[in-house]
Structure formats: C-alpha cells, structure tokens
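Asks: Here is my input; please provide its structure:
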Amino acid sequence: MKLDPRRQYDERRRRDQPWRRLYHLARWRRIRAGQLKRQPLCERCLGNGVITPATVCHHVVPHRGDEALFWAGPFASSCADCHDIDEGRIERGGQARQTLDADGWPITG
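Replies: From the prediction side, this is the model:
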C-alpha cells in the first residue's frame, strides 16, 4: 500500500528533523506566547514601515536542531509571510525580498 505524498513528506520530515517535536511542547507554546505578547507586530514589516500582526515566534539564530539554541533564543516576532518566505531564503543562502515603494520599485540603500 502506497502512502499519500503528503504523508510521505510528513514521515520524511519526522525522520530527518526530529527536533520539530519541540514545537508541540507546552514550554515552546509559553515562549511563543510571551514573545508575541512583548512584540505583537512583525519586526521585519515594521522595519519597512508596514504594520502587520505577528503570528510566528522566530529563532533569530538558526538552531539547526541544537536543543540548547532552540530554547535560548534570541527570538523575534514575524508575520507568516516574512518568516516562511524571507527567512527561508536567508537560511538557504539567499536574501530577503526587496522592499518596494508605492510605485512598486525596489527601495535601495
């Protein structure tokens, strides 16, 4: 019997990234809630002059499975787009999305 591709992906992630279980612990939920209470707005969006509610407690220093780093922080508040898109790009060696002005042109400097 062949597994659904989504279930295969989930199984592979559980096997290759066992630290992901830490996100389901009460200790992490308390850290996340505290961070989002202290800084309820996305810090990256604020830096670009945009007010966006934060929904993600982001590890500023990538922990890469190191449990001590996972719990220690530092943490930042992010919206889902900034976390999922920009931080993913940065962790893969790229750069965050460019900030655009009202006319859609990249802001430099």
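Asks: can you give me how far the helix or strand harbouring Ala68 is from the chain middle?
Replies: Per DSSP states H and E: Ala68 is located in helix 67-72. With Cα atoms, centre = their mean, to the nearest Å as the basis, helix 67-72 stands 15 Å off its chain's centre.
Asks: Just the pLDDT at Gln98, thanks.
Replies: Looking at Gln98, its pLDDT reads 62.
Asks: mind checking which helix or strand of the protein has the lowest mean pLDDT?
Replies: helix 88-91 (a mean of 59; mean pLDDT, DSSP states H and E).
Asks: sorry, back to before: please identify the buried residues of the helix holding Ala68?
Replies: Neighbour-count burial for helix 67-72 flags Phe70 (criterion: 16 or more other Cβ atoms under 10 Å). (Each C-beta comes from the backbone N, C-alpha and C, glycine too.)
Asks: From Val60, how far out is the closest residue to His63 other than its chain neighbours?
Replies: In this structure, His63 finds its nearest non-sequential neighbour in Leu69, 3.9 Å apart by Cβ to Cβ, 6 or more residues apart in numbering. If you measure Leu69 against Val60 using Cβ to Cβ, to the nearest Å, the figure is 10 Å.
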